[in-house]
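Participant: Using only what follows, build the 3D model:
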Amino acid sequence: MSSQRKIKNYMDRKDLLISNYKELKDSFKEEAEREAYENLFYILLKLDEFVYEYNVIKSYLQSKGEDSTEKNKKLLEEVQTKIDDIEKVIYLNDLFEVEPKFTIYRKNLNDNAQEGGKIIYGFEHQNKKLAWKFLDDRIFELRKQVS
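Facilitator: Model prediction:
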């Protein structure tokens, strides 16, 4: 598969996952649920935006073989620890009980981010002059850009 088609498929899949993820907000039909979980939904969405970017970078470094350097390894571990700490205090399990699909979409987004890092590395490997151009800023983001 050509690089451009691979990138397009990746971006289309990501856009679909984001749309599906955002539609989960409509899962809170009862007013009590909406009041209790709508703010938590937005907090989780913001967290997942950062986690997505982190996972793309982590996958890129892994593909490049630079995730095990002392500096990168320590930095990746520190960021992961912060993510874990935040997830513990925002009552994710309560949200997941109301809408179990969150766990599925978060896993799919994680897989998509890992694919993004590999695509970036593969593209740069084939196009040495474009190293660190990262194809498109959207590759890192868990949000659709307005065109």
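
Participant: check contacts around residue 54.
Facilitator: Contact partners of residue 54, counting by C-beta atoms under 8 Å, 6 or more residues apart in numbering, are 79, 80, 83. For every residue, glycine as well, the C-beta is placed using N, CA and C.

Participant: List the buried residues for stretch 109-124?
Facilitator: Going by neighbour count (16 or more other C-beta atoms under 10 Å), the buried part of stretch 109-124 is 109, 112-121, 123-124.

Participant: Just to check, residue 66 is in contact with residue 73?
Facilitator: No: using C-beta atoms under 8 Å, residue 66 is not in contact with residue 73; the gap is 9.4 Å.

Participant: what about stretch 20-38, average pLDDT?
Facilitator: In this model, stretch 20-38 has a mean pLDDT of 82.

Participant: Can you list the buried residues in the longest helix anywhere in the chain?
Facilitator: Identified as the longest helix of the chain according to DSSP state H is helix 31-64. Neighbour counts over helix 31-64 (16+ other C-beta under 10 Å) mark 37, 40-41, 43-45, 47-49, 51-63 as buried.
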